[in-house]
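Engineer: sharing a model that was predicted from the sequence below.
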Amino acid sequence: MKKEIFAVGNAHLDPVWLWQWGEGLQAARATFQSALDRIAEHDEFVFTCAGSGIYQWIEITDPQMFREIQRAVEEGRWVLVGGWWLQPDCNIPSGESFVRHSLYGQRYLLEKFGRCATVGYNVDSFGHSWSLPQILRKSGMDSYVFMRPGPHENPDIPGRLFRWEGLDGSSVLAFQIPYQYNLEGERLAQRWEDIVEEANDQQPMMLFYGVGNHGGGPTKASIAFLDEKKKGDEVSLRFSSPEEYFARVRKLGITPPVYPNELQHHASGCYSVHSEIKRDNRQAEAALEAAEKWAVIAAANTEYAYPAQELTRAWQGVLFNQFHDIMAGTSLESAYIQAKNLHGYALQLGDEVGEFARQAIAGQIDTTRQEGVPLILWNSTSWPRTEVVTAELQWREQEIEVVDLEGNPIPTQVMAPEAAIAPGSRVKIAFPATVPALGYRGYWAVPKVRTTGNDPSAVIVRTNGMENQYLRVEFDVATGALISLFDKTLGLEMLASPGRAVVCDDDSDTWSHGVFSFPNQVGQFDGAEVRIMEAGPVRGRIRIITKFQNSTLRQDYILAAGCRYLDCQATIDWREQHQLMKLTFPVNVTEPTATYEIAYGHITRPCDGEEEPGQRWVDLTGTHRASGTTCGLTLANDCKYSFDITDSEIRMTVLRSPAYAHHIPRRLEPGDEVEYIDQGQQRFAYRLLPHRGGISSGEFSAPRAGVELNSPLVVREDYRHSGPLAPEASFGSTSQPQVHLAVVKQAEDGQQAIVIRAWETSGQDLAEPVAISVMGYRFTAKFLAHEIKTFLLSQGLVTETDLLERPLTD
């Protein structure tokens, strides 16, 4: 029996990389015309290409070419794969971003070509999150094609063809491209024998050929080369597609080995390089998710019109910037100016929609319950929140305090406003507040006429530390290190040794090709300047400024009354090259388990010091060295994605500073005209949360902690007016804390329908059905570990759907 080889003619198109997007558009146009020419010339040639966003470019710029592509698709000569908006980085985007790649990508293909893709396709992405199989399956795709990591980077992957099983148990057939996705010319001829050798008569093989990256596609010479190989006796070669290949595998009844893990690692430096693109991505994702929720609520309660087209366009801009060479930080410096503009549009649109929607709702709220200036607090998460908030408002009275719905005074702390102005016109205040799930609650600012005294939970602030009823923190005033994080409830010291900001050597290229850890520490930030910035009844704030060579780190540590966590708002002015900075927190436990948030899930990994991708939180739990108690420390962040855990030490990579778009084997020499990444000032925030038990134990939830830091409560001053809405309301919640209501949006197919998405966050099957309440709809659903569920709410009916908002069929 001859070996079967499926020759996949393709063009990998990087819309941005070593060029800006306008050049990428031109390359796409030229590539697609070339593919159409090859189809016309060769009766058997088949072309494959992914990326709905690329097809949209052609539809806009060359409708005639687009119609020719539609005909070629209908004839089976042009095969649609991928089903996503583009081929993104597959570690950095949130779970919801991956869903939107499918939602907008597949629906575009269905609208324009009458079909969805069945094969997921990310041939050049630098690693693949373990949550993807579930997202692929629930988006109509049962197969997956990738190339990185290669066998030399992850030898545990059990062959070219395998069944990839996700963290929830969903699985897809997966194929690891041999050698390159863009074999052409001499490289195709050189690799032909290798590919034939890898093939066998029991299992077909795919060969990917066609000029790629800057486009190009299959050449006449390569097609002629393969025509010649078809004449041989050793192989049965056909011009084909991944879709046909996987169909053949199933027809043959092949049972490939199962790989139940993430697909890592390749180019580990991409998890951290170019802080700005990653921060803007995180903020845009959060802004658009919150905006959709408030827009749905406003449309149901006011005359506000849900801006569906604007939100879709903003999301598609975020998805474009998640293209792997953009989000990974490996493109040209000039390309990031364009990417920032695109993120700016999404951020502004998200801010506008959220603000318009909330203030439309606010206009319907009865704010006359108490005297004074109404303050409306907004919570976009699906659980009630109690935390300290800050607000600025116009205020000309002598003193100020806040009262709740019943008129009870609340401890209020007065601080300097952001503007450097004389007292008497604006004031900034902090006060503790409770806001219901996916809802709002009114408070009132009033002139202070009584002395309320310090709350028993008030914060004690000293030069070298702070303390509330739950935590005591101490700093080394000489070095600036965090030397103690003592949990008073547990009676345990959570740090084994001081937490520091350290610097490591990094002479790798922009990707960190061949580098999987950064162990070479060369220094640390030191020489502290310590100042008490706030010391009041509600919160304390200590500023610590340290230096390393030409760089300065300013960290504002904040401990609030009644809070079980320590916040830090940091600003780094970085002036080093070929080095990286990490924050380190040695946790006082043995037998540690390291858990990282990934897209719509979490994963445990070895504590071996390898650089790992993560999202809003990472946790280290183990046995306390002194007490034997099971406890841990969660580190949440607002814009970072790269970590390593060595033994019992959490290390978060804050930044890297290689040259822009530097690729080995070129070596940089002194005097080379290059620009370096992450130079200058940037801001980030993190939160330290000690806890008993694991990541979801009792009242503690690491997944909630990550969401809360990235979705802060919003406080907005209003004015006194009557209205049909009560001064407190909740529009959505779940009965079990492990299930988060991540999305509330208008359905793609109807203005009167709502789509919600919920996911199980603890990693455990839930024994009892979860009650979900949204906008007057109440229903129950069973959730398994890590499960994502989507529901369509319309005309009083609840219908479970896939991620494309299509009703599930039995």
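Structural biologist: Looks like it came in fine.
Engineer: in the helix or strand encompassing residue 619, which residues are buried?
Structural biologist: Element membership for residue 619 (DSSP states H and E) is strand 617-624. Neighbour-count burial for strand 617-624 flags 617, 618, 619, 620, 621, 622, 624 (criterion: 16 or more other C-beta atoms under 10 Å). No exception for glycine: its C-beta is placed from N, CA and C like everyone else's.
Engineer: again with stretch 60-70
Structural biologist: The neighbour-count check on stretch 60-70 (16+ other C-beta under 10 Å) flags 62, 66, 68, 69, 70 as buried.
Engineer: run the chain-centre distance for it.
Structural biologist: 34 Å (C-alpha atoms, centre = their mean, to the nearest Å).
Engineer: what lies in contact with it?
Structural biologist: Contact with stretch 60-70 is made by 25, 29, 32, 33, 36, 55, 58, 59, 78, 112, 113, as judged by C-beta atoms under 8 Å, 6 or more residues apart in numbering.
Engineer: so which of these is the closest to residue 500?
Structural biologist: Taking C-beta to C-beta as the measure, residue 500 lies nearest residue 25 of these, at 46.7 Å.
Engineer: domain assignment for the chain?
Structural biologist: 3-262, 271-347, 373-446, 460-710, 731-810 (automatic domain parsing).
Engineer: among those domains, which comes closest to residue 356?
Structural biologist: With distances scored as C-beta to C-beta, the stretch of those nearest to residue 356 is domain 271-347 (6.8 Å).
Engineer: quick check: end-to-end length of the closest one?
Structural biologist: Terminal residues of domain 271-347 are spaced 22 Å apart (C-alpha to C-alpha, to the nearest Å).
Engineer: and what of stretch 566-584?
Structural biologist: In stretch 566-584, first residue to last residue: 15 Å (C-alpha to C-alpha).
Engineer: list the buried residues in it.
Structural biologist: Applying 16+ other C-beta under 10 Å to stretch 566-584 flags 566-570, 572, 574, 576-577, 579-584 as buried.
Engineer: out of these, name the two that are farthest from one another.
Structural biologist: 566 and 577 (31.8 Å).
Engineer: quick one on the thing from earlier: what about the strand holding residue 619, average pLDDT?
Structural biologist: Averaging pLDDT along strand 617-624 yields 99.
Engineer: which other helices and strands contact it?
Structural biologist: Contact here means 3 or more C-beta pairs under 8 Å, 6 or more residues apart in numbering; DSSP states H and E; on that basis strand 617-624 packs against strand 589-598, strand 630-637, strand 642-646, strand 649-656, helix 702-710.
Engineer: between those, which gets nearest to residue 778?
Structural biologist: Nearest of these (C-beta to C-beta): helix 702-710, 22.4 Å.
Engineer: how about the CA coordinates for that closest one, as PDB?
Structural biologist: Provided in PDB are the C-alpha atoms of helix 702-710 (Å, rounded to 0.1, in the frame of the first residue of the first chain):
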ATOM      1  CA  ALA A 702      -8.500  33.200  43.200                       C
ATOM      2  CA  PRO A 703     -10.500  33.400  40.000                       C
ATOM      3  CA  ARG A 704     -12.700  36.100  41.600                       C
ATOM      4  CA  ALA A 705      -9.700  37.900  42.900                       C
ATOM      5  CA  GLY A 706      -8.300  38.200  39.400                       C
ATOM      6  CA  VAL A 707     -11.600  39.500  38.000                       C
ATOM      7  CA  GLU A 708     -12.100  42.000  40.800                       C
ATOM      8  CA  LEU A 709      -8.700  43.600  40.300                       C
ATOM      9  CA  ASN A 710      -9.400  44.000  36.500                       C
END
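Engineer: distance between it and the chain's centre?
Structural biologist: Here helix 702-710 is found 13 Å from its chain centre; the criterion is C-alpha atoms, centre = their mean.
Engineer: same question for that helix: list its buried residues.
Structural biologist: 702, 703, 704, 705, 706, 707, 708, 709, 710.
Engineer: how about stretch 782-789?
Structural biologist: Buried residues in stretch 782-789, defined by neighbour count with 16+ other C-beta under 10 Å: 783, 785, 786, 787, 788, 789.
Engineer: repeat that for stretch 233-240.
Structural biologist: 235, 236, 237, 238, 239, 240.
Engineer: who's in contact with residue 660?
Structural biologist: When contacts are counted by C-beta under 8 Å, 6+ apart, residue 660 touches 331, 332, 333, 510, 674, 675, 676, 677.
Engineer: gap between the second one and residue 276?
Structural biologist: Computed with C-beta to C-beta, to the nearest Å, the distance linking residue 332 and residue 276 is 14 Å.
Engineer: try the fourth one
Structural biologist: Residue 510 is 15 Å from residue 276, where distance means C-beta to C-beta.
Engineer: can you show me the strands along the stretch 651-800 of the chain?
Structural biologist: With DSSP state E, counting those that start in this stretch as the criterion, the stretch 651-800 of the chain has strands at 680-692, 696-697, 700-701, 714-717, 728-730, 732-734, 739-746, 754-760, 770-774, 777-781, 788-794, 797-801.
Engineer: for those, which one sits closest to residue 382?
Structural biologist: With C-beta to C-beta as the yardstick, what comes closest out of the strands of the stretch 651-800 of the chain is strand 739-746 (3.4 Å).
Engineer: direction included, what does the closest one pair against?
Structural biologist: strand 754-760 (antiparallel) (DSSP bridges).
Engineer: and the strand it pairs with, what's its mean pLDDT?
Structural biologist: Strand 754-760 comes out with an average pLDDT of 99.
Engineer: any idea of the angle it forms with strand 777-781?
Structural biologist: Counting by axes from the mean of the first three to the mean of the last three C-alpha atoms, to 10 degrees, strand 754-760 lies at 30 degrees to strand 777-781.
Engineer: all helices of the stretch 151-300 of the chain, in order?
Structural biologist: 185-198, 220-230, 242-251, 275-301 (DSSP state H, counting those that start in this stretch).
Engineer: pretty sure residue 757 sits against residue 95.
Structural biologist: No. Using C-beta atoms under 8 Å as the test, residue 757 is too far from residue 95 to be in contact (9.2 Å).
Engineer: which residues sit against the strand holding residue 619?
Structural biologist: 492, 587-597, 607, 629-637, 643, 645, 648, 650, 652, 691, 693-695, 702-703, 705-706.
Engineer: quick one: strands adjacent to that strand?
Structural biologist: When pairs are called by DSSP bridges, strand 617-624 turns out to pair with strand 589-598 (antiparallel), strand 630-637 (antiparallel).
Engineer: the residue nearest to residue 332 when sequence neighbours are not counted: what's it in contact with?
Structural biologist: Excluding its sequence neighbours, the residue lying closest to residue 332 (C-beta to C-beta, 6 or more residues apart in numbering) is residue 661, at 5.5 Å. If you count contacts by C-beta under 8 Å, 6+ apart, residue 661 has them with 17, 18, 330, 331, 332, 333, 510.
Engineer: residue 661 and residue 14, how far apart?
Structural biologist: Counting by C-beta to C-beta, the gap between residue 661 and residue 14 amounts to 12 Å.
Engineer: what do you get for residue 504?
Structural biologist: For residue 504 relative to residue 14 (C-beta to C-beta), the value is 30 Å.
Engineer: more crowded one of those two?
Structural biologist: residue 14 (23 against 18; other C-beta atoms under 10 Å).
Engineer: didn't the more buried one look like it was pressed against residue 24?
Structural biologist: Yes. Taking contacts as C-beta under 8 Å, residue 14 lies within contact range of residue 24: 6.5 Å.
Engineer: show me the strands in the stretch 351-500 of the chain, by range?
Structural biologist: Listed in chain order, the strands of the stretch 351-500 of the chain (DSSP E, counting those that start in this stretch) span 373-379, 385-394, 400-403, 409-410, 413-415, 426-435, 439-447, 460-462, 465-467, 471-475, 482-487, 492-493, 500-505.
Engineer: perfect, I'm done here.
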